[in-house]
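K.L.:
what follows is a predicted protein model with its sequence.
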Amino acid sequence: MPAEPLLTVTDLTVEFDSTDRRRRGQRFRAVDGVSLSLAPGETLGLVGESGSGKSTIGNAVLGLVATGPGSRIVFDGEDITQAPPKRRRALGSRIQVVFQDPYSSLNPSRTIGQTLGEPLRATGVDRRETRSRVADVLSKVDMSPDVAARYPAQFSGGQRQRIAIARALIRDPQLVILDEPTSALDLSVQAQILNLLIALRRDAHLSYLFISHDIDVVRFFSHRMAVLQHGRIVEEGDVDAVIERPREPYTRELLAAVPVADPREQRRRRESRSSVVTGSR
Ligand SMILES: Nc1ncnc2c1ncn2[C@@H]1O[C@H](COP(=O)(O)OP(=O)(O)OP(=O)(O)O)[C@@H](O)[C@H]1O
């Protein structure tokens, strides 16, 4: 891996107003002192149970939530923690996001061509060039250029997610935040989308911050992983090392909770979970 990371997050904290009625008026830390880094071309998986702060980390990198004092986010050598909105918009071409829900993330009243072309037109790219880049990006996600004239309702969930990926790629980003990009899809479609994302990572030398609660998918897809609990990273490392030799009881519990088809593996995980609970390891 090259020495210079593409993204370095140091001591990131994010606080929100508590939504719990009993704690009205209080703040709580959704992300609490998180540090991580990502090399060019690398994928870091962020795992943890619901509410552990995974999406909030992604949102902080995207500039969508305010960060606490002392937090630092450096992208490609530039400190973007407090980047003003104009600079953030410019960075939008280099950091992109794909969300979980392909149904709600595409505007139903616009053609695919309008949706994909919009960020280019907004930055002054002319109509002809936009048309050709839309066709190019559609071919990258294995779709025909004819798709540009159609509307989101005419596509299946997997096809819409391909379109959402095309939208993320149209301005040639370096970093894509994938926030549960396949969780809303059927298993066979999930595999197709993950394989597509792997091919794109290789061809375009993309880095991914891959947010998922599915550890099997993270293992298949990521180089390293970080395990989050209550807004903190409790364990981090090479995916195989963390999954095969988890150090933290919480990681072992998460691993034991993943449903697996093989009954022997299921038993092994159950046993390792009970040893976590009884503290015998
Ligand atoms: N804009 C917000 N305002 C208030 N609370 C928020 C906001 N965004 C997230 N939270 C809270 O912060 C905590 C972390 O949420 P986050 O979505 O980052 O978790 P997550 O690990 O991504 O969970 P999930 O897997 O369910 O998406 C949760 O308690 C959530 O309710």
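P.N.:
Looks like it arrived, so ask away. Numbers count the residues shown, from 1 in each chain.
K.L.:
just to check, residue 221 is in contact with residue 196?
P.N.:
No: Residue 221 is beyond contact range of residue 196, at 11.5 Å (criterion: CB atoms under 8 Å). Using the backbone N, CA and C atoms, a C-beta is placed for each residue, glycine as well.
K.L.:
what segments of the stretch 101-250 of the chain are helices?
P.N.:
Secondary structure of the stretch 101-250 of the chain, counting by DSSP state H, counting those that start in this stretch: helices at 112-122, 127-140, 157-169, 187-204, 215-221, 239-244, 249-257.
K.L.:
now for those, which one comes closest to residue 30?
P.N.:
Nearest to residue 30 among the helices of the stretch 101-250 of the chain is helix 249-257 (17.3 Å), distances taken as CB to CB.
K.L.:
deepest in the core, which of the helices of the stretch 101-250 of the chain is it.
P.N.:
Highest mean neighbour count of the helices of the stretch 101-250 of the chain: helix 157-169, a mean of 22 (counted as mean count of other CB atoms under 10 Å).
K.L.:
next, the angle from it to helix 187-204.
P.N.:
Following axes from the mean of the first three to the mean of the last three CA atoms, to 10 degrees, one obtains 20 degrees for the angle between helix 157-169 and helix 187-204.
K.L.:
who are the packing partners of helix 157-169?
P.N.:
Packing partners of helix 157-169 (3 or more CB pairs under 8 Å, 6 or more residues apart in numbering; DSSP states H and E): strand 95-98, helix 112-122, helix 127-140, helix 187-204.
K.L.:
where does the prediction get shaky in the stretch 101-250 of the chain?
P.N.:
Scanning the stretch 101-250 of the chain for pLDDT under 70 picks out 102.
K.L.:
for the ligand, which of the helices and strands packed on helix 157-169 is the nearest?
P.N.:
When the helices and strands packed on helix 157-169 are compared by CB to the nearest ligand atom, strand 95-98 sits nearest the ligand, at 13.0 Å.
K.L.:
and the closest one, does that touch the ligand?
P.N.:
No: Strand 95-98 does not reach the ligand (CB under 6 Å from any ligand atom); its nearest approach is 13.0 Å.
K.L.:
may I ask you to confirm that residue 15 belongs to a strand?
P.N.:
Yes: under DSSP: H, G, I helix; E, B strand; the rest coil, residue 15 sits within a strand.
K.L.:
please name the bridge partners of it.
P.N.:
Taking DSSP bridges as the rule, residue 15 bridges to residue 29.
K.L.:
for stretch 86-103, buried residues please.
P.N.:
For stretch 86-103, the neighbour count (16 or more other CB atoms under 10 Å) marks 91, 92, 94, 95, 96, 97, 98, 99, 100, 101, 102 as buried.
K.L.:
those residues into TSV, with extra columns for distance to residue 207?
P.N.:
Output for the buried residues of stretch 86-103, formatted as TSV (distance: CB to CB, whole Å):
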residue	distance to residue 207
91	14
92	16
94	11
95	10
96	11
97	13
98	13
99	18
100	20
101	23
102	22
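K.L.:
can you tell me which one of those sits lowest on pLDDT?
P.N.:
In terms of pLDDT, residue 102 ranks lowest among the buried residues of stretch 86-103, with 68.
K.L.:
okay, which residue is most central for this protein?
P.N.:
The centre of the chain sits closest to residue 178, judged by CA atoms, centre = their mean, with a distance of 2.4 Å.
K.L.:
that one contacts residue 207, doesn't it?
P.N.:
No: at 10.6 Å, residue 178 does not count as touching residue 207 under the criterion of CB under 8 Å.
K.L.:
what does the stretch 1-150 of the chain put close to the ligand?
P.N.:
Counting by CB under 6 Å from any ligand atom, the stretch 1-150 of the chain sits next to the ligand at 16, 19, 30, 48, 50, 51, 52, 53, 54, 55, 56.
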